[in-house]
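Engineer: this one's sequence-less:
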């Protein structure tokens, strides 16, 4: 009998250690997920669970170190404190007086599991995972009913093809204008961009300078680039999760995009970003869709634009980006073919933006000063373009990528009832229209509208889920309502997985 007891004691002790370890691990993971979700919402705002999934699974090369520090302070640090507190209270503190019954290990384990479950439910609620799961179980026929395949649509280019410069402005929205100009602030902190919109073509949701709405699947940078160049959202469906980790090898291979169409019509094309182009697989998306050259932080070093060890913010600030663009545009304009250059700025990224050498101390908030500087830099770049010989044959599209993710700045400065939209401006458009104001339109509509701006005729005036805003045809958001469009986009779509994620 004694031998049996001696053999069983170590096993029991080992089992207790294993149970405690598993419970502690689950508790730590659940607390980490809670604070991570809270950090994500506080910094990015409610961008939808698609953006959370994409952030988790896509390429993170070149992410700003400031974001990592913020995550460490606001998520990892409180996780360590709360987890340690819970573990100490549940497992390490011995209760000398039991009031009703002796507290055994399984009682403590149940308490730990309940606390972990509470943290998990709270985390899921913050990032809308339960709503996402519900929508996954419900199918939409939106794409079946309304998607127009560009590959099967007649698109006629003008005899003299127009060059295209497309500038994605990080987080530039119309809220930055003064209330008198249609914005949300006491003073206009993007005067130059407002002036450009006033003097050129600006499609607006109201009667003054305004912009477009960002439906689900277009609320973060790479999703915005997809939506404006392909007329579809970037959906983080189960099919997407199995698609080479969000484009590791192929990024929406079944979609015909703006760059595909320009390639088919003889354009020389380039993408230029001031960070690492591989972040979020942006380089794969553009390479897969017939962009000839990708310029980024690494090529800028190779071209001796910046020193080999140079790195600020996300890579290099926008002043270098515009200098780099000038050099490449002069090269591209000398070739005997039309060109298209897509730019993506970065200085106005959250949180608080990056103060460069050209920023002024005009406002009490850093982000306001950065936005004001960005506005001046874009204006100066446009003025430089106007002096070039290729300008008369070049259309410039300037568009914010999405609403700012600097959620704390918006909460401090923008009334919660203000209707936020993204900035747009078309300069030197080959097409005109009087149907500019009081429109309900989205980032999807930028796709066919850009082609129309360079003089193309589009059969049916629609591509993807987008409508040519220069036409008299209503947008999909106007036809079925923006709320209904957003709801349908959130639902699962077999069409999306079959036709966009898989090369036919």
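Structural biologist: On my side now, so go ahead. Keep in mind that what you see is a predicted model, and the values were worked out from it rather than measured.
Engineer: Make sure residue 433 is actually in contact with residue 470.
Structural biologist: Yes. Contact criterion Cβ atoms under 8 Å: residue 433 and residue 470 qualify, at 4.5 Å. The C-beta positions use only the backbone N, C-alpha and C, and glycine is treated the same way.
Engineer: The helix or strand hosting residue 341 pairs with which strands?
Structural biologist: Residue 341 belongs to strand 339-344 when elements are defined using DSSP states H and E. Strand pairing for strand 339-344, determined by DSSP bridges: strand 163-169 (parallel), strand 268-273 (parallel).
Engineer: would a markdown table of those with mean neighbour count and distance to residue 22 be doable?
Structural biologist: Shown next, in a markdown table, are the strands paired with strand 339-344 (neighbours: other Cβ atoms under 10 Å; distance: least, Cβ to Cβ, whole Å):
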| stretch | mean neighbour count | distance to residue 22 |
| --- | --- | --- |
| strand 163-169 | 23 | 46 |
| strand 268-273 | 24 | 44 |
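Engineer: Can you redo those as CSV, where the extra columns are distance to residue 349?
Structural biologist: Output for those, formatted as CSV (distance: least, Cβ to Cβ, whole Å):
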stretch, distance to residue 349
strand 163-169, 11
strand 268-273, 12
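Engineer: Kindly tell me how buried residue 305 is, as a neighbour count.
Structural biologist: Neighbourhood size, residue 305 [other Cβ atoms under 10 Å]: 17.
Engineer: any idea whether it is helix, strand or coil?
Structural biologist: Classification of residue 305 by DSSP: H, G, I helix; E, B strand; the rest coil places it in coil.
Engineer: related to what we said a few turns ago, of residue 433 and residue 470, who's got more company?
Structural biologist: Neighbour count, other Cβ under 10 Å: between residue 433 and residue 470, residue 470 has more, with 23 against 15.
Engineer: just to revisit the earlier point, CSV for the strands paired with strand 339-344, including mean pLDDT?
Structural biologist: Listed next are the strands paired with strand 339-344 as CSV, based on pLDDT from 0 to 100:
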stretch, mean pLDDT
strand 163-169, 98
strand 268-273, 98
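Engineer: Tell me which of those sits nearest to residue 407.
Structural biologist: strand 163-169 (18.6 Å; Cβ to Cβ).
Engineer: Which SSE is immediately downstream of the closest one?
Structural biologist: Downstream of strand 163-169, the first helix or strand assigned by DSSP H and E is helix 191-199.
Engineer: Any buried residues in that next one, and which?
Structural biologist: 191-194, 196-197 (16 or more other Cβ atoms under 10 Å).
Engineer: so which of those residues comes closest to residue 358?
Structural biologist: Closest to residue 358, out of all of the buried residues of helix 191-199 and judged by Cβ to Cβ, is residue 192, at 12.8 Å.
Engineer: contacting residues around the closest residue to the closest one other than its chain neighbours?
Structural biologist: Closest residue in space to residue 192, ignoring its immediate chain neighbours: residue 379 at 3.6 Å, by Cβ to Cβ, 6 or more residues apart in numbering. Shown in contact with residue 379 (Cβ atoms under 8 Å, 6 or more residues apart in numbering): 192-193, 195-196.
Engineer: Return the closest of those residues with respect to residue 205.
Structural biologist: residue 193 (16.4 Å).
Engineer: List the residues that contact the closest one.
Structural biologist: Contacts of residue 193 (Cβ under 8 Å, 6+ apart): 169, 172, 375, 378-379, 398, 423, 425.
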